[in-house]
Every structure is written in structure tokens, then in C-alpha cells.
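Novice: just coords:
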């Protein structure tokens, strides 16, 4: 059975929208796209290379898939571990709107997303990776289907934009298993799913 990991870029105020460029996602009138780019130093690149050394498959939401599919097939550099893995490995897309996908190795998951991802984990080995895809991630977090989260927190506050952990997310406890900070100040935290939160009182 595969494990499912999420790698997500976040601002200090929890925004995940359009980290990679001004026109990546302007929905909702978002004007701050590209906020992660100034922090892309060597430490950041090494962490990304480490992540992309591990996957056996990818699971993406429709919006992230379309962004990736518009870029990576045109940048098939065999020396680039990100391009190599994304272009070569199976890609599964949770969608209710796409009818077809041209990127080689893509399978559309058009049924109930919880059932589809549960079955995908059961029939796949190794590590299935999610990158971005925050809407899908929130649904899967609510059903304990994400085993590992790599949250990269960038030292910037935007004030607007879509957030990963919005009101109504299922209360969930995680255990931190790794942490580092890049030279540019990106805090990289790795968490493993633990279960439900525990509660207490400092007055006891």
C-alpha cells in the first residue's frame, strides 16, 4: 500500500494561491502571484530535488494539473529530476470537469474522490506525491488520507488569497518529524499523520 504525501507552499498567513508566477492563478482578483520565487535559493532547490527523488506516482487536483501540464512536457530536460519524474511517472487527476488529458501517463479519477484515492493507495506501492492541489488536499485531510505533509512556509504575508486550512477543516493531529530553514528564510516542516487532537488545561 502506498503512502500519500503533500508538498505545499504557504505564506505566513496560510495562503497557497499562485506561488509560481503572476498569472498562475488570478481567481478571486488575486494580485500577488509569484510570491515564492524570490526565495528560490540553493537550499530550496536541494529540498525539492530530495522530494522528487522518491515518488512512484503523482496525484493532482485539476487546477494544479493544468498548470503543470502547460509547462513540464515542454521542459523535458533529462538532467532535471523534477521534469524527469513528472513526465515519466503515472499521474492521477481528481476532476469532475476534465474529459480528457493529453499529458502522457495521465489517468482521470472522475468518481467519488475519497473512494478513488483510497483505492489508488491500496493498489499502488511506494510514495504517491501531491504538489499544490490544496482544494483536493483539504478533502483528503478530512478523511485521514494524507500520511505526510511537507509545509514550506515563506516569510511573507499577503492578506488575501486562498488558504489551505480554512474554517471547517477536520480537527487533526500531526507529529513533526523534520524541520529545516533555508538560507532565504523558508521554514520547511515535515509532519506525519497522528490522528485526532488531544486536549487539556494548563489550570489542572
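Specialist: Alright, I've got the coordinates. As the structure is a computational prediction, the values presented were derived from the model and not from experiment.
Novice: Tell me who's in contact with the residue lying closest to residue 67 once chain neighbours are set aside.
Specialist: Once flanking residues are discounted, residue 67 sits nearest to residue 24: 6.2 Å by Cβ to Cβ, 6 or more residues apart in numbering. Every C-beta, even on glycine, is put in place using the N, C-alpha and C of the backbone. By Cβ atoms under 8 Å, 6 or more residues apart in numbering, the residues touching residue 24 are 18, 33-34, 67.
Novice: if you set the cut-off to 7 Å instead, what comes out?
Specialist: By Cβ atoms under 7 Å, 6 or more residues apart in numbering, residue 24 lies in contact with 18, 33, 67.
Novice: what kind of secondary structure is it in?
Specialist: coil (DSSP: H, G, I helix; E, B strand; the rest coil).
Novice: Number the chain from 17, please
Specialist: Fine by me, first position is 17 from now on; the one you just mentioned is residue 40.
Novice: how close does it sit to residue 174?
Specialist: Noted for residue 40: a distance of 14 Å to residue 174, by Cβ to Cβ, to the nearest Å.
Novice: just residue 94 next, same as before
Specialist: 36 Å.
Novice: quick one: which of those two has more around it?
Specialist: A count of neighbours by other Cβ atoms under 10 Å puts residue 174 above the other of residue 94 and residue 174, at 17 against 9.
Novice: Phi, psi for the more buried one please.
Specialist: Residue 174 adopts backbone torsions of phi -110, psi -30, taken as degrees, to the nearest 10.
Novice: how about it, what does it touch?
Specialist: 27, 29, 31, 48, 51.
Novice: still on that earlier bit, can you pick the most crowded of the contacts of residue 40?
Specialist: Busiest of the contacts of residue 40 [other Cβ under 10 Å] is residue 34, holding 25 neighbours.
Novice: Which of the three states applies to that one?
Specialist: Here residue 34 is coil, with the state taken from three-state DSSP.
Novice: Give me the phi and psi angles of the closest residue to residue 150 other than its chain neighbours.
Specialist: Nearest-residue entry for residue 150: residue 32, 4.6 Å, with adjacent residues in sequence omitted and distances by Cβ to Cβ, 6+ apart. Torsion angles at residue 32 (phi, psi; degrees, to the nearest 10) stand at phi -110, psi -10.
Novice: Run a quick neighbour tally on residue 32.
Specialist: Residue 32 has 22 neighbours, counted by other Cβ under 10 Å.
Novice: Check the gap between it and residue 204 for me.
Specialist: In terms of Cβ to Cβ, residue 32 sits 15 Å off from residue 204.
Novice: Ok, residue 95 next?
Specialist: 24 Å.
Novice: more neighbours, these two?
Specialist: Between residue 95 and residue 204, counted using other Cβ under 10 Å, residue 204 has the larger neighbour count: 18 against 6.
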